[in-house]
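Participant: Mind looking at a prediction? Sequence and model below.
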Amino acid sequence: MKQKIVSLLTAAVMLVPVTVIMPITANAENTPIELGEFVQMGTYDINEDGMAEPIKWRCVAFEKVTGTDENGNPIIDSTQTSMKYREGYLPLMIADNSICEKVFDAGGDNTDSSHGRSESRPSRGSNYWADSNIRDWLNSSDTAGNIVWTCGNQPPYADEAGFLSNFTAEEKAVINTVTQKSILTTYDKDTEGATGSERHTYNNSVSDVVQNYSKAYSEQVTDTMFLLDVQQVKNVYDNVGDYYEPYYHPIYYWLRTPNANHDYLARIASLSGEVNEHLVEVGKAGVRPAFYLNPSAVLYGEGSRYYPYTVVPTHTHYMTAEYNYENAVTFDKELTGADGRLYIDGNAIEPVEESGSSCLELPDGNYYLAENVFIDKSIEIKGNVNLCLNGKTLDMGESGITVSGTFNLSDCGESGTLTSSYHTGFIESGLVTVNENGVFSLYRGKVINTSDKKYSYKQTIAVIEGNIKLYGGEAVSADDNAVYFGSQAENVILSGAPKIKGASDKADIYLRNSGSEKLIAIDAPLTNTEPYRIKALRNDVFTIGWNKHMSERNVNNYFVSAEKGKFINKNDNSELEFCDYAITEQVSDSNGYTVTANGTPVSYVWYPVTVTVSEVTDKNAEAYEHNSQISAYDSENGWSGINDVNMNYFKISLSEGDILKVKPASPLDEFSMVSLTNVVTEEFQDVCNANSDGEYVFTAEADGEYFLSIAGVKTMTFPTVTATTIKTVLGSAVEGQTTNKFTGGKGSYLCEVTYEDGTVLRSDVIQTESVEYDYSIKYENGQAVVTVPEDGTYAVVFASYDGGRLVSISARDISLIKGENTVSPDGGFTPLGAVRLMLWNSLEGMKPLDMSK
């Protein structure tokens, strides 16, 4: 059997330009497909026996837009000669026979589409091609039950997968998407974008079927797979005679052209050779799809009906995740490994010396892993690299990948992984490190740093400069932040649902560069099912795009703070910012002994207290000493520090809950932060923002010895500091005081405010006098706000009157504490008119008060 490889020259050839899928490449002769030759692509259960059969497609014309008519519609020239491909003509392919019988369009209750343009279409279906059921099915790759029906009404085949799901990725890559003319009925001629000046004339003779086609009402529709229209049927007739008739298939088949004077009749090519019409909702017409072959297709075979061409299989697929499609990529360079070395198409990459170390430079190209690969040297990417993991593992050992160019990572398998077990690079580096001008994009696949060694750098993706784009896949660290964003980095771009998971005591994303120009940029809706744990160096706005894509969503479903004591809030511009849990209004006699805190506290507990405030001096603190240098204290200026990486000032013993307030002699710049570090555990607290008094405030998290330091990126001269400690000894909790309002007696008290993450805030200490209360009752928001002078059991009565008639009543015996209480009526109470409240106890008698609802 004679075989040949066929390659159509790559050219910018479309009926109307639409994105061309990146070509498949192969070694091939420069020979075009010929008129009448066959290509085998896709499968379908043609015989309805449960067995998918290959579909054969015949080349029936070569077509190209050669101009426009008076209405601005493209004029399509059709020819028989394959040599026209050199001039930009596309091969028109039609299924060798009808592959099935289906309704063109079904009726239904939804009238938002073309079904609403006539009274008959809701019950009879529509002959408008653009929102027809058959067009949706032909152009869908969706699984069964997931096709979106444009007209809103489902056809009888709604439980079938989309037609394009029957094609491989290589086959889809050679189907050209085109925009072409589609005739309109008088019912649809006023559709937006429609052109033409008259109704298309009906004629059932194939030789005269086009009639006034150039002037007929029409619109432009973009399709990958389509049905022929009357013009294309005429072209087939002119080129290959009676091939417009079904081949060995005794039924007529649908065209996409409607009867232009009718609302539910579409044209059909019949067995007799005539072009007639048929009811669109009747499923007895055949479906004979057509498409234009991409000019970059590489085909193999004989091209006959019995030995058709097939698409040359290559490693070609979309780089991007499913929600953000771009052009397909052909991964044509094979990566393998042996003895710790990396090979491209069998040729070893020789290491180069750079900055005193040896690394491998991966040249520009599209690569795929042909096997699991282990290498023992770092990889440097300076150009443009696309890598498909291909379901395999690239193990970097004790090294990583450094990006100063563009690195796009994907996986066409289920388990493709880029990993390392131990990395000893610069402190900010990771498994993938992005440097100046670098861009790393993760679409699919797993990037996992498995190191659990104490002195390795275990971040998965570290962005020193440049940016990263996370559209899909996984970025996971076993013992550190999954994504680290350094002070000079640009943006993290997020969309879809990439899995980003740091260690349980670290962050999923750590924004060390948090600021107004360095943000998490959301460029499409997020769909992650587990919120990302975010840590930021500063309490700034950290998103851009939340207001566009996510403004109506619950913030905590997508982002939560990785740091205890902070929460994420939506600001006035509907972007997200970090906020410290804080007491926003301290308790005082002027606000009725009430403490107000932000966020959502879960409890308030009041304690009697004894408070001791002490200045930190050389009497109660120890100077910091390093390399024969020692910090110093004087009573006039406070503490001066010494330089040991950071500026260190003093060591001091603190008990859990002690407060340390530090005030620099001069304000720190925006790049500086004050730190308090536990000498033994090395756990530290960073505070970047001073309070309104210019103080940096710390609360000791455990008993121990601590040292104070200041770090500054830009500041080179560090100020002296003064400091005070506040030691508070608590008594037993005041019974019954569980709200933010204190109603106890005379003495010194504070309130502990607790949050869900375990954060505990202490209010200022308030010196209270004995508080006296009188009886009062008022109706607010369906409840009674009741104030009583002492603890006791009371009766609270709700009575509702409509026009003077009692219509509903609730009476409750309830224990109340001294001060203000909130009481709800029982579930049967209905406040229909005026509401009267009554309060009673055994000592004072009835205390009635009428209130309008």
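Facilitator: Structure's in. What do you need?
Participant: residue ranges with poor pLDDT in the stretch 651-800 of the chain?
Facilitator: Scanning the stretch 651-800 of the chain with the threshold set as pLDDT under 70 gives 713-716, 770-772.
Participant: Now do the strands in it.
Facilitator: Along the stretch 651-800 of the chain, counting by DSSP state E, counting those that start in this stretch, strands occupy 659-664, 672-678, 684-687, 696-699, 704-712, 721-730, 747-754, 760-762, 766-768, 776-780, 783-788, 792-802.
Participant: and those strands as TSV, adding distance to Ser214?
Facilitator: (Each C-beta comes from the backbone N, C-alpha and C, glycine too.) Output for the strands of the stretch 651-800 of the chain, formatted as TSV (distance: least, Cβ to Cβ, whole Å):
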stretch	distance to Ser214
strand 659-664	81
strand 672-678	73
strand 684-687	73
strand 696-699	79
strand 704-712	75
strand 721-730	85
strand 747-754	78
strand 760-762	78
strand 766-768	88
strand 776-780	75
strand 783-788	75
strand 792-802	75
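Participant: Looking at these, which is nearest to Ala478?
Facilitator: Nearest to Ala478 among the strands of the stretch 651-800 of the chain is strand 684-687; the distance by Cβ to Cβ comes to 22.2 Å.
Participant: Partner strands of that closest one, with direction?
Facilitator: strand 672-678 (antiparallel) (DSSP bridges).
Participant: so how far is the partner strand from its chain's centroid?
Facilitator: Distance of strand 672-678 from the chain centroid (Cα atoms, centre = their mean, to the nearest Å) equals 35 Å.
Participant: who touches it?
Facilitator: By Cβ atoms under 8 Å, 6 or more residues apart in numbering, the residues outside strand 672-678 that reach it are 537, 646, 660, 662, 664, 668, 683-688, 696, 698, 700-702, 704-715.
Participant: what does stretch 590-609 give?
Facilitator: 567, 579, 581-587, 728-734, 737-744, 747-756, 761, 763, 765-766, 768, 771.
Participant: What subset of those is buried?
Facilitator: The neighbour-count test (16 or more other Cβ atoms under 10 Å) marks 567, 581, 583, 587, 728, 734, 737, 739-744, 749-755, 761, 763, 765-766, 768, 771 as buried among the contacts of stretch 590-609.
Participant: Out of the strands of the stretch 651-800 of the chain, which is closest to His115?
Facilitator: Using Cβ to Cβ, the strands of the stretch 651-800 of the chain put strand 792-802 closest to His115, at 49.1 Å.
Participant: list the buried ones in the closest one?
Facilitator: Across strand 792-802, burial judged by 16+ other Cβ under 10 Å covers 794, 796-801.
Participant: Format those residues as a markdown table; extra columns: distance to Val555.
Facilitator: A markdown table is the format used below for these (distance: Cβ to Cβ, whole Å):
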| residue | distance to Val555 |
| --- | --- |
| Tyr794 | 41 |
| Val796 | 38 |
| Val797 | 42 |
| Phe798 | 37 |
| Ala799 | 43 |
| Ser800 | 39 |
| Tyr801 | 44 |
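Participant: Now the closest residue to Val541 other than its chain neighbours: which helix or strand?
Facilitator: Nearest non-adjacent residue to Val541, counting by Cβ to Cβ, 6 or more residues apart in numbering: Glu577, 4.5 Å away. In the assignment (DSSP states H and E), Glu577 maps to strand 576-580.
Participant: This completes my enquiry, with thanks.
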